[in-house]
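*Asks:* Quick one: sequence plus predicted model below, questions after.
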Amino acid sequence: MASRLLPLDALRALAAQLIVLHHLSVYGPIAEAMHGLFPLLSGWFHDYGRMAVQIFLVLGGYLSARALSAQEAQLRQSAPALLAQRYWRLVPPFMAAVGLTLAVSWLVAPLLPELVPTQVHFTQVLAHALLLHDLVEVEALTVGAWYVAIDFQLFALLLAVMWGLRWLPLKRATRQWLAPAVVGVLCAASLLKFNRMAALDAYAIYFFGAYGLGALLWWCRGWPTPARRVGLIALGLLMAAALALQFRERLVVATLTAAVIVLWRRGAGPAWVQQHLQTLARHAYALFLVHFPVCLLVNAVYEHRAESPAPMLDALAPLALLAAWLLSNMAAVPFHRWIEAPLLRWRPRAAALPAPIATR
């Protein structure tokens, strides 16, 4: 099990770090200074770091299909509890991070007014708690809020497909191939049409291409060798067709993520590497949630030194970025231990579900 999960842990840990570096290259005076000092490197993180989200999507589909497949026989009864459990797994830690971000925003508002909300209304907070903020078009209170909502939508869509098939009078063998077939159709529809419509980026169908790809990879691994090869070739042809129709760099990242999952060979590597990757992966969602308030604080301290000579201030930018990155990773540990993990113990009772990738 450890060797099979190692590539997932490695990908999740890498994606979480890239998202932090992306946001450090987008927001605040540190980002501005770094673009002046290292335009190519900062530009790469600015333009391409966000594509690590595709890693989260593929892994999310893979792990959700694994969890739901294990509970397939009980889905008719357990689907509502599974959906409630997923909501609880995502939203309470997310709202704790929103509260932390708002508190930090109040502190840094005099120095960084462009990075904090001007006003916060109860309806805005409620929209975030219900994961409707993008659907009702209210201002996000923290970065990455859109992904938490999309993660829940994607899981709900996959659950709805598998739950709906449980109500049909079908033999188990039929359902076992029909579920991948339906998901494959949705995946193809997303990749070939809906993912090309930017107006749909608040809806699950826009992202279901990468998520469905991950789910299909999980199902493929359980098939006999000939069927598995045919399935993987079909997925490769689908991704190639989507890229030929409209080249999208995000689909290249999703395809490469799938390739790592498929091609990774057994062998966990040194124990210390495995343990370190497991720790980083375990804290990935906490890091995703808590890094923005940390980045705000470090940017505020950096901006407070604006009276320093410009060359000296610019020279401090790499150190400030490094400090924000390290402090974000450090803050993820207590956030996971004291907020995320205790909330997880209080979740609604249902079958075990995968942790958010970002992780989302």
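*Replies:* In hand now; what should we look at?
*Asks:* any idea of the pLDDT on Arg305?
*Replies:* For Arg305, the model assigns a pLDDT of 75.
*Asks:* ok, it to His291 distance?
*Replies:* Arg305 sits 22 Å away from His291, going by C-beta to C-beta, to the nearest Å. Placement of C-beta: from N, CA and C, glycine included.
*Asks:* Compare neighbour counts for those two and give me the winner.
*Replies:* Taking other C-beta atoms under 10 Å, Arg305 and His291 do not tie; His291 has more neighbours (29 against 12).
*Asks:* Leaving out chain neighbours, which residue sits closest to Leu41?
*Replies:* Distances taken as C-beta to C-beta, 6 or more residues apart in numbering place Met34 nearest to Leu41, at 7.8 Å, with adjacent residues excluded.
*Asks:* ok, now which ones touch the one you found?
*Replies:* By C-beta atoms under 8 Å, 6 or more residues apart in numbering, the contact list for Met34 reads 24-25, 41-42, 317-318, 321.
*Asks:* which element is the closest residue to Ala140 other than its chain neighbours on?
*Replies:* With sequence-adjacent residues excluded and distances taken as C-beta to C-beta, 6+ apart, Ala140 is closest to His133, at 6.1 Å. His133 belongs to no helix or strand when assigned by DSSP states H and E.
*Asks:* give the contact list for His133.
*Replies:* 124, 127, 140-141, 145-146, 149.
*Asks:* top helix in the protein by residue count?
*Replies:* If you go by DSSP state H, the chain has its longest helix at helix 75-108.
*Asks:* From the contact counts, what lies against the next helix or strand after that helix?
*Replies:* Once the chain leaves helix 75-108, the next helix or strand it forms, by DSSP H and E, is helix 122-129. In this structure, helix 122-129 makes packing contacts with helix 75-108, judged by 3 or more C-beta pairs under 8 Å, 6 or more residues apart in numbering; DSSP states H and E.
*Asks:* Pull out the buried residues from the helix it packs on.
*Replies:* Within helix 75-108, the residues that count as buried by 16 or more other C-beta atoms under 10 Å are 75, 78-79, 82-83, 85-98, 100-102, 104-105, 108.
*Asks:* now swap in stretch 179-186 and tell me
*Replies:* Result for stretch 179-186 [16+ other C-beta under 10 Å]: buried residues 179-180, 182-184, 186.
*Asks:* Repeat that for stretch 236-253.
*Replies:* Across stretch 236-253, burial judged by 16+ other C-beta under 10 Å covers 238-239, 242, 248, 250-251, 253.
*Asks:* Repeat that for stretch 290-310.
*Replies:* By neighbour count on 16+ other C-beta under 10 Å, the buried set for stretch 290-310 is 290-303.
*Asks:* Pick the one among these closest to Asn329.
*Replies:* Of all the buried residues of stretch 290-310, the one with the least separation from Asn329 (C-beta to C-beta) is His291, at 8.2 Å.
*Asks:* Next secondary structure after whichever strand or helix holds that closest one?
*Replies:* Using DSSP H and E, His291 sits in helix 284-304. Sequence order places helix 310-335 as the next helix or strand after helix 284-304, per DSSP H and E.
*Asks:* and that next one with helix 284-304, angle?
*Replies:* Helix 310-335 and helix 284-304 are oriented at 150 degrees to each other (axes from the mean of the first three to the mean of the last three C-alpha atoms, to 10 degrees).
*Asks:* what's the neighbour count on Pro334?
*Replies:* Pro334 - counted by other C-beta under 10 Å - has 12 other residues nearby.
*Asks:* The stretch 101-250 of the chain: helices as residue ranges?
*Replies:* For the stretch 101-250 of the chain, helices defined by DSSP state H, counting those that start in this stretch occupy the ranges 122-129, 145-166, 172-192, 204-221, 225-245, 249-263.
*Asks:* Quick one: mean pLDDT for the first one?
*Replies:* In this model, helix 122-129 carries a mean pLDDT of 97.
*Asks:* And for the last one?
*Replies:* Per-residue pLDDT values across helix 249-263 average out to 97.
*Asks:* helix or strand right after that helix?
*Replies:* Counting by DSSP H and E, the next helix or strand C-terminal to helix 249-263 is helix 271-282.
*Asks:* what about that next one, distance to the chain center?
*Replies:* Computed by C-alpha atoms, centre = their mean, to the nearest Å, the chain-centroid distance of helix 271-282 equals 19 Å.
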